[in-house]
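Colleague: test case, fold it:
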Amino acid sequence: MDADALMLARIQFGFTISFHIIFPAITIGLASYLFVLEACWLKTGKSVYRDLYAYWLKIFAVNFAMGVVSGLVMAYQFGTNWSYFSQFAGGITGPLLAYEVLTAFFLEAGFLGVMLFGLKRVGPGLHLFATFMVALGTLISATWILASNSWMQTPAGFEIIDGRAVPVDWVAVILNPSFPYRLVHMSMAAFLATALMVAAAAGWHLLRGNDNRAVRKMMSMAMWMLLFAAPTQLLIGDLHGLNTLQHQPAKLAAIEGHWENEPGRAVPFTLIGWPDMQEEKNHFALEIPHVGSLLLTHSWDGQFPGLKEFAPEDRPNATVVFWTFRLMVGLGLLMIALAAWGAWARWRGRLFASRALWRFALYMGPSGLVAILAGWVTTEVGRQPWIVYGVMRTADGVSPHGATELAVTLALFIVVYFVLFGAGTAYVLQLIGRGPVPQVEDTPEGGPGEHRTPSRPLSAADDTAAALPKQG
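Modeller: Numbering: from 1, shown residues only. Sure, this is the predicted structure:
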């Protein structure tokens, strides 16, 4: 396969999975947020939690539907564009993804209908349990998917028999060296992205004078979550970086733009610069002495391998991962700044009086999802040129398609995805723009199943499904 076809296959996979990763990240965070809202409603009897539950339930339903649709394409990607990888590693990745279907997907499917349409049909305790099961299902789904992807990053528990990877220790396969760090890092990223989306929605309504109890509660809860999650994610990222240094040193060197060690000299942190893969150096570099050593060896003058210690054909593209990593970290620091500002404003009694804070929260709304995509590019491009790190090269896993075929299908994907998911995203923004409204009390008509029988998640986004029973 020529280099152009290989690159197109990688771009096509990256494009489709970038769309897919956004929606599960939102559903992971929103499902847990909905569980907290319903639990608070049942415990306190305050209608504000009921109103917020109804508001975000509609948005969750649309995102869940788009996540299912975008996920279907990924199975075809593995089968059509990466058939040699599937033949080699299917004995490991296949069962892991099957476990995801048998546990998480069936769990979500079993309780999703109750969660979306059953509030007037089952007791409050059972409905809360259904919401919890859906939230748990999203986390279990992330667990299996990340176990599969982490095995590709740090493979363990297998042997190569007759040219195929055969599992010999499933515990080692699942609990491979990078899995715990990547699972916690991704889960926290989903919670952060959701908190930022909730804060942005509250900021948008406050800026337009829609100041009510529900909007204030949204802003308050989002700021509390950011205050916990943003600094925690920084600590998790540090542990993840140390794990990457241990198991994927070439990726870490590319992230840092670190080419070589000088005897007795600490490694500086390159704040900005342009890594040049051909000339093997950084252009326009702005360095901070000793900080690279402090961050990655936790010592004043420690050293770690540079890119020149790896063969040129084994080096990832430092130009890409250097900047995607800094985009992710830069957004993370802005999230911490937003959380700190929110805490200061709360302490001063100005959380619901600072238009500048609301505007900052609004602008930061997409940052969680952008940071997830930047982090995903960093970890996937940083694994190159390996599809299974140190075991199988990416060029050996791709199907023998021509560049023309891949270019045409990529163009079709771009058109269809932007039309389909663009419309879905516009609808989500429309739902967010409506704002939370007080829910009508229980009536004998107008609820789900009275005038029609909803049969798909998007039905829950319809206004006729907004009525909720009175609690307390």
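
Colleague: give me the three-state assignment for the closest residue to G118 other than its chain neighbours.
Modeller: In space, and not counting its chain neighbours, G118 is closest to H127: 5.9 Å by C-beta to C-beta, 6 or more residues apart in numbering. In short, each C-beta sits where N, CA and C put it, glycine included. Three-state assignment for H127 (DSSP: H, G, I helix; E, B strand; the rest coil): helix.

Colleague: and if you look at E262?
Modeller: Going by three-state DSSP: E262 is coil.

Colleague: what's the distance between it and V166?
Modeller: As judged by C-beta to C-beta, to the nearest Å, E262 and V166 stand 44 Å apart.

Colleague: about what we covered before: give the contact list for the residue nearest to G118.
Modeller: Taking C-beta atoms under 8 Å, 6 or more residues apart in numbering, we find H127 in contact with 38, 114-115, 118-119.

Colleague: any chance of those in a markdown table, plus distance to A31 and secondary structure?
Modeller: Formatted as a markdown table, these follow (distance: C-beta to C-beta, whole Å; DSSP: H, G, I helix; E, B strand; the rest coil):
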| residue | distance to A31 | secondary structure |
| --- | --- | --- |
| E38 | 11 | helix |
| V114 | 13 | helix |
| M115 | 9 | helix |
| G118 | 15 | coil |
| L119 | 15 | coil |
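
Colleague: Q87 belongs to a helix, doesn't it?
Modeller: Yes: assessed with three-state DSSP, Q87 lies in a helix.

Colleague: now do the contacts for it.
Modeller: Contacts of Q87 by C-beta under 8 Å, 6+ apart are R164.

Colleague: next one, pLDDT for it please.
Modeller: For Q87, the model assigns a pLDDT of 90.

Colleague: again with P167
Modeller: 92.

Colleague: contacts only, for it.
Modeller: Per C-beta under 8 Å, 6+ apart, neighbours of P167: 91-92, 95, 157-158, 173.

Colleague: now swap in M221 and tell me
Modeller: Applying C-beta under 8 Å, 6+ apart, the residues near M221 are 36, 198.

Colleague: what helix or strand is it on?
Modeller: Assigned by DSSP states H and E, M221 belongs to helix 213-247.

Colleague: for A75, same thing?
Modeller: With DSSP H and E as the test, A75 turns up in helix 47-80.

Colleague: cool, and A395?
Modeller: Going by DSSP H and E, A395 is in helix 394-397.

Colleague: list the buried residues in that helix.
Modeller: Applying a neighbour-count criterion of 16 or more other C-beta atoms under 10 Å, the buried positions in helix 394-397 are 394-395, 397.

Colleague: all helices for the stretch 51-200 of the chain, in order.
Modeller: 83-100, 106-117, 124-153, 170-174, 179-207 (DSSP state H, counting those that start in this stretch).

Colleague: can I get those helices in a markdown table including distance to V73?
Modeller: Shown next, in a markdown table, are these (distance: least, C-beta to C-beta, whole Å):
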| stretch | distance to V73 |
| --- | --- |
| helix 83-100 | 14 |
| helix 106-117 | 19 |
| helix 124-153 | 15 |
| helix 170-174 | 25 |
| helix 179-207 | 20 |
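
Colleague: weakest of those helices by average pLDDT?
Modeller: When I compare these, helix 106-117 is least confident, with a mean of 84.

Colleague: list the buried residues of stretch 210-218.
Modeller: 212, 214-218.

Colleague: quick check: phi and psi on L271?
Modeller: Dihedral angles of L271 (phi, psi; degrees, to the nearest 10) stand at phi -70, psi -50.

Colleague: and the one 3 residues further on, by the same measure?
Modeller: Torsion angles at W274 (phi, psi; degrees, to the nearest 10) stand at phi -130, psi 100.

Colleague: tell me which residues in stretch 256-274 are buried?
Modeller: 256-259, 266-270, 273.

Colleague: residues touching the nearest residue to G237 once chain neighbours are set aside, list them.
Modeller: Nearest residue to G237, sequence neighbours excluded (C-beta to C-beta, 6+ apart): H185, at 6.5 Å. With contact set as C-beta under 8 Å, 6+ apart, H185 has these partners: 233, 236-237, 240, 375.

Colleague: need the max-distance pair from these.
Modeller: Using C-beta to C-beta, the contacts of H185 reach their maximum pairwise distance at I236 and G375, which is 11.5 Å.

Colleague: who has more neighbours out of the two?
Modeller: G375 (24 against 19; other C-beta atoms under 10 Å).

Colleague: helix, strand or coil for that one?
Modeller: Of the three states, G375 takes helix under three-state DSSP.

Colleague: got a list of what the closest residue in space to it that isn't next to it in sequence touches?
Modeller: Counting by C-beta to C-beta, 6+ apart, G375 lies nearest to M328, which is 4.6 Å off, once chain neighbours are set aside. Contacts for M328 (C-beta under 8 Å, 6+ apart) come out as 371, 374-375, 378.

Colleague: which one of these is nearest Q153?
Modeller: Of the contacts of M328, the one sitting nearest to Q153 (C-beta to C-beta) turns out to be T378, at 11.8 Å.

Colleague: element containing that closest one, please.
Modeller: Per DSSP H and E: helix 367-381 holds T378.

Colleague: for that helix, buried residues please.
Modeller: For helix 367-381, by 16+ other C-beta under 10 Å, it's 367-381.

Colleague: so what does the host helix or strand of A356 touch, helix or strand wise?
Modeller: Using DSSP H and E, A356 sits in helix 355-363. Applying 3 or more C-beta pairs under 8 Å, 6 or more residues apart in numbering; DSSP states H and E, one finds that helix 355-363 makes contact with helix 179-207, helix 213-247, helix 318-347.

Colleague: try it again at 7 Å.
Modeller: Applying 3 or more C-beta pairs under 7 Å, 6 or more residues apart in numbering; DSSP states H and E, we find helix 355-363 packed against helix 179-207, helix 318-347.

Colleague: which one of those is the most hemmed in?
Modeller: helix 179-207 (a mean of 23; mean count of other C-beta atoms under 10 Å).

Colleague: could you check the angle helix 124-153 makes with that one?
Modeller: Interaxial angle of helix 179-207 relative to helix 124-153 (axes from the mean of the first three to the mean of the last three C-alpha atoms, to 10 degrees): 130 degrees.

Colleague: name the nearest residue to T244, ignoring sequence neighbours.
Modeller: Nearest one to T244, counting by C-beta to C-beta, 6+ apart, is L252 at 5.0 Å.

Colleague: er, W204 I mean
Modeller: L362 (5.4 Å).

Colleague: report the distance from the helix holding A356 to the chain centre.
Modeller: Here helix 355-363 is found 23 Å from its chain centre; the criterion is C-alpha atoms, centre = their mean, to the nearest Å.

Colleague: cool, and stretch 342-355?
Modeller: On the basis of C-alpha atoms, centre = their mean, stretch 342-355 sits 29 Å off its chain's mean C-alpha point.
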